[in-house]
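> next input, structure requested:
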Amino acid sequence: MKKLTFILTVLSALSLKAEARKLYIRTGVGYAAPAAGQTRDVGILPLNGELTESPSGAISMNLKKASFSSGLNVNAALGYSINNHIAVELSGFAIIVPTRYTGTLNTVDAINGFYSSMVIKKHAELPVFLIPSLVLQTGGKLNLYMRTGVVLPLKSDIKTETVVVGSHNPASRVTYHSKFNLGLAAAAGVNFNVQKKIKVFAEANLISLSLYVKDITTNSAEFKYAFKVNNNSGYNAVQGTYSYPFSAIGISAGLQFAL
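Prediction:
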């Protein structure tokens, strides 16, 4: 009798584990805003906001944070529930309407009667990230979860248009290409059943990522950037690299389908 009870208990536990091991698809939409990020470009150029300077220093400024992963985004994931409390996911994340930033640099030299204004517009061109993650959850019909993973940037180009106010020269257009660099992602949320195989989810999420410039291209030239170089000279000499901010915090909601 004891052996029979033990066997039935083991079989019951195995059946519960087998039931928990399910594939699922999660898809949603969200919006992200800049987290802690930069306010200036490699020099004194503001990424977002306005700066007025004179030869002796700044006269006025109104600088704001920027992140090139902020904006309206879509996400989709393929997940596998190992048991009721642990799952693994592979998700894709794309910013379909990225935030566009405008930085303005005014230069004033009252002594020499000189004034210039430069307007720099920047935005990421449809950034795409791949995020493998581990999910820990409470289980049950009302399921609380947290997710953490690694951000793999697949596409992260930044487009720039610079105009000197009052100049007859055409706008300068530049594309920034980034070096591959890992980031971190995290989320916390809740999902609940609306049908047997369909859940609704809502979450807050975070991406922590900075990407270093690999090269920039203009209409007429290409310039390389690196951490280290030797015997460097000439017009197309390699420059020291610098980073652009991609850290953002946001919210997302959508549906999860059991397969």
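
> which regions of this protein sit below the pLDDT cut-off?
For the chain, applying pLDDT under 70 flags the ranges 1-21, 37, 43, 58, 231-236.

> need the residue closest to the centroid of it.
Among the residues of the chain, the one closest to the centroid is residue 69, at 3.6 Å (Cα atoms, centre = their mean).

> next, the buried residues of stretch 110-128.
Within stretch 110-128, the residues scored as buried using 16 or more other Cβ atoms under 10 Å are 117, 118, 119, 120, 121, 122, 123, 124, 127. Every residue, glycine included, has its C-beta placed from N, CA and C.

> ok, now stretch 208-219?
208, 209, 210, 211, 213, 215, 216.

> cool, stretch 134-146 as well?
135, 137, 143, 145.

> stretch 86-102 now?
Within stretch 86-102, the residues that count as buried by 16+ other Cβ under 10 Å are 87, 89, 91, 93, 94, 95, 98, 99, 101.

> list the ones among the residues you listed that fall in strands.
Applying DSSP state E to the buried residues of stretch 86-102, the entries found in strands are 87, 89, 91, 93, 94, 95, 98, 101.

> residue contacts, the last one?
This points to residue 101. Counting by Cβ atoms under 8 Å, 6 or more residues apart in numbering, residue 101 touches 47, 48, 66, 121, 122, 123.

> pick the one among the ones in strands among the buried residues of stretch 86-102 closest to residue 107.
Relative to residue 107, the closest of these is residue 101; by Cβ to Cβ it sits at 20.0 Å.

> in the sheet, who's paired with the closest one?
Under DSSP bridges, the beta-bridge partners of residue 101 are residue 122.

> and residue 205, how many neighbours?
Look at residue 205: counted by other Cβ atoms under 10 Å, it has 21 neighbours.

> pretty sure it contacts residue 187?
Yes - counting by Cβ atoms under 8 Å, residue 205 touches residue 187, with 3.9 Å between them.

> which neighbours do these two have in common?
Contact with both residue 205 and residue 187 is made by residues residue 252, according to Cβ under 8 Å, 6+ apart.

> still on that earlier bit, what's the most distant pair in the ones in strands among the buried residues of stretch 86-102?
Of all pairs drawn from these, the widest gap by Cβ to Cβ lies between 87 and 101 and measures 36.3 Å.

> Provide a list of residues in contact with residue 88.
Applying Cβ under 8 Å, 6+ apart to residue 88 gives the contacts 79, 80, 82, 132, 133, 134, 135.
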